[in-house]
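**Student:** Fold the following, please.
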Amino acid sequence: MKLHHAVAVGALLLAGCAEAGEGQTETGVVDEQAQLEANKQLVLDMWHTVLDGQDFDAAREYISPDYIQHSPGIEGGLEGLLDYLHTSRPDAEPLEPGTFPLTEFEFVLAEGDLVQLMHQRQLPSRDDPDTLVPVWWYDTYRIEDGMIVEHWDSIHR
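**Tutor:** Presented below is the predicted three-dimensional model:
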């Protein structure tokens, strides 16, 4: 997906937010916006602590035990995710906050109970493994009662 497509997706999500807010009181809109911001912060804190900081056990603070995982090859539930993380990164040790780089996201969008993160990474080209190419990553999380309860992701070259 090209950058202009990602921007279009973001614009559509934001337009939907504006339409959904019509007819609400100002307090309702403020409360809804505060909840969207809290949901975004929850997902970002989880990503930076658990994935960037390799503190896998901290996932329990952010992710529900009955978490639904839609990524192929990763079992459902929090324990399935933890098994995957420990297996895929067996030598990972929690890093001290402030000592590691944080993933920089191009977009962090929230709508209702969903938060989507979008960022690019450089991966080896399929045609030439010595050449790095930009790849878009999309992760969408569903939040319920202040916890992450569901996850979808995709990668586009």
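**Student:** longest strand of the chain?
**Tutor:** strand 132-144 (DSSP state E).
**Student:** next helix or strand past the helix-or-strand element of the chain with minimal mean pLDDT?
**Tutor:** Between all helices and strands in the chain, the lowest mean by mean pLDDT, DSSP states H and E belongs to helix 3-21, at a mean of 46. Heading C-terminal from helix 3-21, the first helix or strand you meet, by DSSP states H and E, is helix 26-46.
**Student:** Next, the buried residues of that following helix.
**Tutor:** By 16 or more other CB atoms under 10 Å, the buried positions in helix 26-46 come out as Glu32, Leu36, Asn39, Lys40, Leu42, Val43, Leu44, Met46. Using the backbone N, CA and C atoms, a C-beta is placed for each residue, glycine as well.
**Student:** same check, this time on stretch 62-76
**Tutor:** Tyr62, Ile63, Ser64, Tyr67, Gln69, Ile74.
**Student:** which SS class is Leu123?
**Tutor:** Per DSSP: H, G, I helix; E, B strand; the rest coil, the local secondary structure of Leu123 is strand.
**Student:** How much space separates it from Ile155?
**Tutor:** 8 Å (CB to CB, to the nearest Å).
**Student:** Give the residues shared as contacts by those two.
**Tutor:** Val135 (CB atoms under 8 Å, 6 or more residues apart in numbering).
**Student:** between those two, which one's more packed in?
**Tutor:** Leu123 (14 against 11; other CB atoms under 10 Å).
**Student:** now that one: how far from Gly28?
**Tutor:** With CB to CB as the criterion, Leu123 and Gly28 are 43 Å apart.
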